[in-house]
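A.B. asks: just coords:
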């Protein structure tokens, strides 16, 4: 899988969990210790965070890391 595709998958998953959570990017960024600008970069698919931040995001949303980084199929 290409790096572009990985960023696209992560971005799509992240945006879905942000929407479901009802929280703003700023609220989530503050909770995991990053800037709102970094959250926006991740949500737009411009970069993928390191595993430590992915774990913090997963903990925040109450999900497994794989739900953020793996391609999700409709259930």
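C.D. replies: Alright, I've got the coordinates. Note that the structure is a prediction, hence the values are computed from the model and not measured.
A.B. asks: going forward, measure contacts and count neighbours with C-alpha atoms only.
C.D. replies: OK.
A.B. asks: And whichever helix in the chain runs longest, what's buried?
C.D. replies: Criterion DSSP state H: the longest helix present in the chain is helix 3-21. Neighbour counts over helix 3-21 (16 or more other CA atoms under 10 Å) mark 6, 7, 8, 9, 10, 11, 12, 13, 14, 15, 17, 18 as buried.
A.B. asks: what does it contact?
C.D. replies: The contact list for helix 3-21, computed with CA atoms under 8 Å, 6 or more residues apart in numbering, reads 24-25, 42-48, 61, 67-72.
A.B. asks: following the helix or strand residue 27 falls within, which helix or strand shows up next?
C.D. replies: Residue 27 belongs to helix 25-32 when elements are defined using DSSP states H and E. Using DSSP H and E, the helix or strand that follows helix 25-32 in sequence is helix 36-43.
A.B. asks: now the angle from that next one to helix 25-32?
C.D. replies: 100 degrees (axes from the mean of the first three to the mean of the last three CA atoms, to 10 degrees).
A.B. asks: which residues are contacting helix 36-43?
C.D. replies: Outside helix 36-43, the residues that reach it (CA under 8 Å, 6+ apart) are 7, 10-12, 14-15, 25-26, 29-30, 47-49.
A.B. asks: Quick check: the residue nearest the centre of the chain vs residue 37, distance?
C.D. replies: Centroid-nearest residue in the chain: residue 14, 3.3 Å away (criterion: CA atoms, centre = their mean). Relative to residue 37, residue 14 is positioned 15 Å away (CA to CA, to the nearest Å).
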